[in-house]
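A.B. asks: Just need the structure, nothing else, for what follows:
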Amino acid sequence: MKDVLKRIIIIALFLFLICGTIYIANKKINEKNEEVSNINVQNTTVVENKIEEQKKDYEKLDNVKARTISNLNLRDEPSENGNVILTIPQGDVLELQMKYNSGWYKVLYNQNSGYVSGEYVSVLTDEEVSEITVDVTYDNTYAIVNVNDSLNIRAKANKEATSLTCVKAGSILRVYEKMQNNWYKVEGNAIEGYVSGEYIKILTEQEYESYSSKINNLLDPDKNIIATYTSTSTYNKNSRYNMHLAADYQNGVTIRPGETYSHLKVVHPEGVENIYVDSTVFVGNGQTAQASGGGICQTSSTTYAAIAYAEEKGINTGLNVTAQAPHSGKVNYVPRKYEATVSSGSQDFCFRNCNDYSIKIVTSYNYNTLTVTIYKL
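C.D. replies: Take a look at the predicted model:
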């Protein structure tokens with residue numbers, strides 16, 4: 001009996017110890033869970049507070065643009081310690097998305113998102129934004145300069161901007177875009193820039209064809225015009241630039257009786273720095289390459305065409321062509337029979353004035369047309 005009682009007591013003690021251990025373990029687990037829960041609550045509160053602080057740190061911007069006032073680094077965070085994504089050139093326009101109290105902006109530039117210091121940008125006014133915002137984009141559209149004298153093509157779409165070039169009344173301009181402030185992005189004298197819509201008239205396709213058609217029926221002896229021809233080119237901007245420059249050299253040249261005109265000497269004056277740009281030229285067997293002066297041949301060919309055309313019409317110009325050759329490939333601005341290629345050191349276009357009076361060459365050009373008129377003086 002004593003042994004049985006003793007065993008019962010031992011088992012009871014054992015069970016008591018097990019229950020106590022389980023109770024203590026559960027209590028510790030509950031305490032730990034409560035501690036973790038408190039930490040989570042605290043962390044959540046910290047994050048929420050941080051978000052609230054961040055909301056107070058910046059202001060969201062809508063449709064705000066700015067221009068860089070110097071070359072500017074676009075960084076991956078609003079700090080000088082941020083990694084540089086790319087460098088934005090001076091004068092380029094950014095879209096401002098957020099403004100931070102630190103003076104930094106979150107911006108969008110050419111599909112790149114990042115941060116820039118506000119110290120190096122100038123926020124644009126509504127008027128300035130209208131100068132850079134495209135309203136209409138044009139394709140194969142032209143306009144005529146509708147002024148009494150001449151019109152400046154400017155670097156920006158406002159009247160205070162620098163003049164890049166000047167075009168005469170009646171000039172034809174290629175039109176690319178219309179800005180919201182009624183200025184137009186155009187090309188004239190082979191230079192792209194902006195003109196006010198107040199001073200140009202957009203041409204219909206029929207009107208452009210009328211203005212740009214050849215005017216080779218204007219031979220008028222009563223006005224002392226002995227030869228004239230207009231050519232039209234579809235070549236690139238560099239060729240047009242070279243053509244315009246050569247025409248400027250040629251314009252007003254006088255050839256006295258017995259003198260010989262050399263095109264290369266006129267359009268490549270001795271002692272004058274070569275400022276022609278690279279464009280397409282023929283290099284033999286119809287092959288082309290890029291070289292300085294591509295486009296000059298439109299001036300020599302149009303001059304030869306004026307003389308040849310007049311002779312075909314029965315007009316004795318008294319101008320004896322002494323050097324002339326076609327290109328090795330076909331050009332698009334005059335018929336093959338009127339071509340007169342020039343190439344420094346190898347081929348010139350020349351004619352001798354066999355008249356007993358002097359003659360004067362007058363050139364004028366629009367977007368891609370050139371008119372050469374030879375007058376009797």
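A.B. asks: How is the protein partitioned into domains?
C.D. replies: 59-124, 133-209, 214-376 (automatic domain parsing).
A.B. asks: Kindly reformat those domains as a markdown table containing mean pLDDT and mean neighbour count.
C.D. replies: C-betas here are computed from N, CA, C, even on glycine. Below are the domains of the chain laid out as a markdown table (pLDDT from 0 to 100; neighbours: other C-beta atoms under 10 Å):
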| stretch | mean pLDDT | mean neighbour count |
| --- | --- | --- |
| domain 59-124 | 89 | 15 |
| domain 133-209 | 90 | 17 |
| domain 214-376 | 87 | 18 |
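A.B. asks: tell me the contacts of G103?
C.D. replies: Residues near G103 by C-beta atoms under 8 Å, 6 or more residues apart in numbering: 117-119.
A.B. asks: Identify each of the strands in the stretch 251-377 of the chain and give its residue range.
C.D. replies: 254-255, 260-262, 278-284, 287-292, 319-323, 350-353, 359-365, 369-376 (DSSP state E, counting those that start in this stretch).
A.B. asks: chain center to the shortest one, what's the gap?
C.D. replies: Translated: strand 254-255. Its chain's average C-alpha position is 39 Å from that of strand 254-255, according to C-alpha atoms, centre = their mean, to the nearest Å.
A.B. asks: Can you list the strands that it pairs with?
C.D. replies: Strand pairing for strand 254-255, determined by DSSP bridges: strand 359-365 (antiparallel).
A.B. asks: Show residues contacting the partner strand.
C.D. replies: Outside strand 359-365, the residues that touch it by C-beta under 8 Å, 6+ apart are 168, 189, 226, 243-244, 247-248, 250-255, 261, 299, 303, 319, 353, 370-377.
A.B. asks: try it again with 7 Å
C.D. replies: 243-244, 247, 250-255, 353, 370-377 (C-beta atoms under 7 Å, 6 or more residues apart in numbering).
A.B. asks: which stretch of helix or strand covers L173?
C.D. replies: Per DSSP states H and E: L173 is located in strand 172-179.
A.B. asks: Show me the contact partners of that strand.
C.D. replies: Strand 172-179 is contacted from outside by 130-138, 141-145, 157, 167, 184-188, 200, 202, 211-212, 366-367, 369, using C-beta under 7 Å, 6+ apart.
A.B. asks: ditto for stretch 298-309
C.D. replies: Defining contact as C-beta under 7 Å, 6+ apart, one finds that stretch 298-309 is touched by 216, 227-229, 231, 233, 243, 246-247, 250, 263, 267, 317, 319, 321, 324, 331, 333-334, 338-340, 342, 349, 351, 370, 372, 374.
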